[in-house]
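Student: Fold the following for me, if possible:
(one chain, ligands or ions: 4)
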Amino acid sequence: MVRNSFSTAKRVTSCFSLALLFGCKGGEIEKTTEEMVDDEPVADKAVVVDTWDEGRFFDEFAASKNYGYWDLNKDKHLSEVEFTSSFNNVWDVNGEGRVSQSEWETAISDFGVKAADWTAWNTDGDGYMETAEFEADFAQIGWFSTWDQDKDNLVTEQEYTAGVYQLWDTDGDNQLDRTEYTRYNKYYGR
Ligand SMILES: [Ca+2]
Ligand SMILES: [Ca+2]
Ligand SMILES: [Ca+2]
Ligand SMILES: [Ca+2]
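Tutor: Ligands and ions are numbered 1, 2, ... in the order given. Model prediction:
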């Protein structure tokens, strides 16, 4: 698979960039004793280290080259088919070429999808979401139309990252804290 050929390089890139700030183990930060006992509102340095703004999220995402991989016709835009395929790809966390029930349920939760029903999507009743099943139901979520900010029926990389960012900024403060952005590594840092 093409993705597999990129995976090592992508992981190295991701780990390298993240390691500069967090190390490469789920964004954990080892606090110094001084930081742990300091109850005062923490200085700007901690804010910078602990959060991702939308610009930083875009930079990390762009460095992953995921978007270029999904953009099959290389026009630097995702059509709805390419967009849907990207989620089919991303939610297949173990890269086996299909989304298992476990992967699907976790992704639905991680991306905050409301009222999605495995039984309704998985029409053949097996333990996997095949591509045809995914394509038949994914549009119901409505992300393609809402993320397409300029309504040209295409989703740019900027529109894509803004869409994910809005989903994950669950407290709406325009910053992703560690809890919110650790999902990034799982889905886009591969
Ligand atoms: Ca395209
Ligand atoms: Ca899988
Ligand atoms: Ca199925
Ligand atoms: Ca657009």
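Student: neighbours of Asp169, just the number please.
Tutor: 19 (other CB atoms under 10 Å). (Glycine included, C-beta is placed from N, CA and C.)
Student: who's in contact with it?
Tutor: By CB atoms under 8 Å, 6 or more residues apart in numbering, Asp169 lies in contact with Gln175, Leu176, Glu180.
Student: Out of these, who's the most crowded?
Tutor: Leu176 (24 neighbours).
Student: Surely that residue and Phe57 touch.
Tutor: Yes: contact criterion CB atoms under 8 Å: Leu176 and Phe57 qualify, at 6.4 Å.
Student: between these two, what contacts are shared?
Tutor: Joint contacts of Leu176 and Phe57 (CB under 8 Å, 6+ apart) are Tyr165, Tyr184.
Student: and which of the contacts of Asp169 is nearest Thr106?
Tutor: Glu180 (15.8 Å; CB to CB).
Student: Give the helix, strand or coil label for that closest one.
Tutor: Of the three states, Glu180 takes helix under DSSP: H, G, I helix; E, B strand; the rest coil.
Student: and this structure, which of its residues are near ligand 4?
Tutor: Counting by CB under 5 Å from the ion, the chain comes close to ligand 4 at Asp148, Asp150, Asp152, Leu154.
Student: Which among the residues you listed count as buried?
Tutor: Asp148, Leu154 (16 or more other CB atoms under 10 Å).
Student: May I ask which two of the residues of the chain next to ligand 4 are separated the most?
Tutor: Pairwise over these, using CB to CB, the maximum falls at Asp150 and Leu154, 8.7 Å.
Student: which non-adjacent residue is nearest Asn88?
Tutor: The shortest distance from Asn88 to any non-neighbouring residue, by CB to CB, 6 or more residues apart in numbering, is to Phe134 (4.6 Å).
Student: what's around the one you found, how many residues?
Tutor: 22.
Student: related to what we said a few turns ago, make TSV from the residues of the chain next to ligand 4 and add pLDDT and distance to ligand 3 to it.
Tutor: Listed next are those as TSV, based on pLDDT from 0 to 100; distance: CB to the ion, whole Å:
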residue	pLDDT	distance to ligand 3
Asp148	98	28
Asp150	98	35
Asp152	98	33
Leu154	98	29
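Student: Quick check: which ranges of this protein have low pLDDT?
Tutor: Applying pLDDT under 70 to the chain picks out residues 1-49, 190.
Student: Can you tell me the closest non-neighbouring residue to Glu80?
Tutor: Here the residue nearest Glu80, using CB to CB, 6+ apart, is Phe144, at 5.0 Å.
Student: Wait, a helix at the one you found?
Tutor: Yes: the assignment for Phe144 is a helix, going by three-state DSSP.
Student: check contacts around it.
Tutor: Glu80, Phe83, Thr84, Val155.
Student: hang on, the last one packs against His77?
Tutor: Right, Val155. Yes: shown here, Val155 and His77 form a contact pair, counting by CB under 8 Å, at 6.7 Å.
Student: Alright, calling it a day.
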